[in-house]
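*Asks:* Structure for this input, please:
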Amino acid sequence: MNSDEQTMAGEFVVKKLKKVIAVCAAVFFILVSVHYKLIRPQPVVIPTKDHLHDVSYTRMFNHNKPLSRRPNKTEAGDKALITKIQDFQSKRHKGKPKQVHLTPQTDVNITDIKRIFSTTWRENKTNFMSIRSEIDSLVNTHECFTVTQENTKPGENLTMAHQDKVSRTVFHDIHARLPKESPFKGVTFPRCVVMGSSGLLANSHCGSEIDNADYVFRCNMPPIKDFKDDAGARSNLTTMNVMSIVADRYHLLFNSLEEDKFLRDLEEYSGHFWLPVFGMGSTYSFGLRVLRFLDTKLNGTNLEVLVGHPEHFRNIKQFWEAKGIVHRPSTGLYLTTTAIALCEKVDLYGFWPLPIDIHGNQVKYHYYEDKPSPTIMHDFHLEFLHLAHLHERGVIQIHAGKCKDDLKRH
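*Replies:* Below is the predicted model of the structure:
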């Protein structure tokens, strides 16, 4: 074969390869588009103040029947695939306004909510002890809320909190840095506060009430330094979702600048810093990296790192599944349940997932920022209905308005 023939053969092969690549790209684009249409959540409709009396959420509660809910499409979807599709969507719409979508939420009757929170709250110790007994029958929170040397052996495999068929190892170096026993063993707090991050906290002036508690739980590192008057400054246990918080705020601790920013933000908190290292198999390695990083950086500080015990979370999930919440409990619901087991009285602040309050005023998603609601995997409305029911029964107290100290100033 002479040189001309070789050149022609080479050009023929290149043309064929280009055609194959073009066909493959077209097939990929079609497949992604089809998947995107199938699993994209529908945009939420935010009611306004004018719609207050027209909000036709379904009947809030029938105490004699189990709660029903609409299926959550993202729960059945592949999380990795959804992430890829969302990345694909963001690239397609680069430079255009970003449309925010929410996982379908259970309908809420705002009239029933208004009735519940317009009534004077009364503690019912009998109902409280009944719920606590149910929780205690499933798990000993005082000893099993966190992974310790006492309840875990070095080299033991723990089943993931969110994956019953996946387990990961408690390595010897991790076991060695665990507390010997639970810091909650034999301890009961008189009054606990569980903090949410709802925009309902803005201008509430509840800070002093919150800080007067004996123990304060905070979810997912909410900023508090600049919001002390409304959200308080005290923190005894603060949680952090390993992937969403570290990935979104600190870019996976990619460099020293992000590490320094992370450590500076941690200075706002004291007491215990709770990590769900054994949450999912796919995030376990990164959770270990964060745990080991903090172990070297927090010596001599006011923070002690605790690792959440996955069996405790699964038992709490089982408790709520029996009551109709079949999706994964949010951190707020999980900590509220934990607090009922550890405390004599439980107060909730910043727990309000609805876009309007009982007076029809718009409510931001978070008290510390103006960003819209993100795509979520929890049915916050259904959880809120259950918590409102516990509030109505005198088991917990949800604070849904201005605090008394603020009212006295006027």
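*Asks:* In contact with Glu156, which residues?
*Replies:* Neighbouring residues of Glu156 by C-beta atoms under 8 Å, 6 or more residues apart in numbering: 169-170. (C-beta placed from N, C-alpha, C; glycine too.)
*Asks:* make it 7 Å
*Replies:* With contact set as C-beta atoms under 7 Å, 6 or more residues apart in numbering, Glu156 has these partners: Val170.
*Asks:* can you tell me how far the closest residue to Asp229 other than its chain neighbours sits from Ala388?
*Replies:* Leaving aside its chain neighbours, Asp229 sits nearest to Gly207 (4.8 Å; criterion: C-beta to C-beta, 6 or more residues apart in numbering). Noted for Gly207: a distance of 24 Å to Ala388, by C-beta to C-beta, to the nearest Å.
*Asks:* End to end on stretch 137-144, go ahead and measure it.
*Replies:* 13 Å (C-alpha to C-alpha, to the nearest Å).
*Asks:* hmm, who's touching that stretch?
*Replies:* Outside stretch 137-144, the residues within contact range by C-beta under 7 Å, 6+ apart are 135, 151, 182, 184-187, 309, 311-312, 315, 318-319, 338, 341-342.
*Asks:* That one: which residues count as buried?
*Replies:* Neighbour counts using 16 or more other C-beta atoms under 10 Å place 138-144 of stretch 137-144 among the buried residues.
*Asks:* Could you give the separation of that stretch from the chain centroid?
*Replies:* Centroid separation for stretch 137-144 versus its chain: 21 Å, with C-alpha atoms, centre = their mean, to the nearest Å.
*Asks:* Number the chain from 154, please
*Replies:* In the new numbering, first residue 154, that becomes stretch 290-297.
*Asks:* What's the mean pLDDT across that stretch?
*Replies:* What stretch 290-297 shows for mean pLDDT is 97.
*Asks:* Apply the buried test to the contacts of stretch 290-297 and list what passes.
*Replies:* Among these, those buried by neighbour count (16+ other C-beta under 10 Å) are 288, 304, 335, 337, 462, 464-465, 468, 472, 491, 494-495.
*Asks:* Okay, and which of those map to helices?
*Replies:* 288, 464-465, 468, 472, 491, 494-495 (DSSP state H).
*Asks:* farthest pair in these?
*Replies:* With C-beta to C-beta as the measure, no two of those lie farther apart than Glu464 and Leu495, at 16.9 Å.
*Asks:* follow-up on the earlier one: nearest to Phe270 among the contacts of stretch 290-297?
*Replies:* Using C-beta to C-beta, the contacts of stretch 290-297 come closest to Phe270 at Thr491, 23.7 Å.
*Asks:* Please tell me how far that closest one sits from Phe472.
*Replies:* Counting by C-beta to C-beta - Thr491 and Phe472 are separated by 11 Å.
*Asks:* Over to His404?
*Replies:* For His404, the distance to Phe472 - C-beta to C-beta - is 36 Å.
*Asks:* Neighbours of the nearest residue to Leu353 once chain neighbours are set aside, how many?
*Replies:* Spatial nearest neighbour of Leu353, chain neighbours left out: Trp505 (4.1 Å); criterion: C-beta to C-beta, 6+ apart. Using other C-beta atoms under 10 Å, Trp505 has 27 other residues around it.
*Asks:* Surely Ile284 and Ile493 touch.
*Replies:* Yes. If you go by C-beta atoms under 7 Å, Ile284 and Ile493 touch, sitting 5.9 Å apart.
*Asks:* Compare those two (neighbour count), which wins?
*Replies:* Each of Ile284 and Ile493 has its neighbours counted (other C-beta under 10 Å); Ile493 has more, 24 against 17.
*Asks:* Good, wrapping up.
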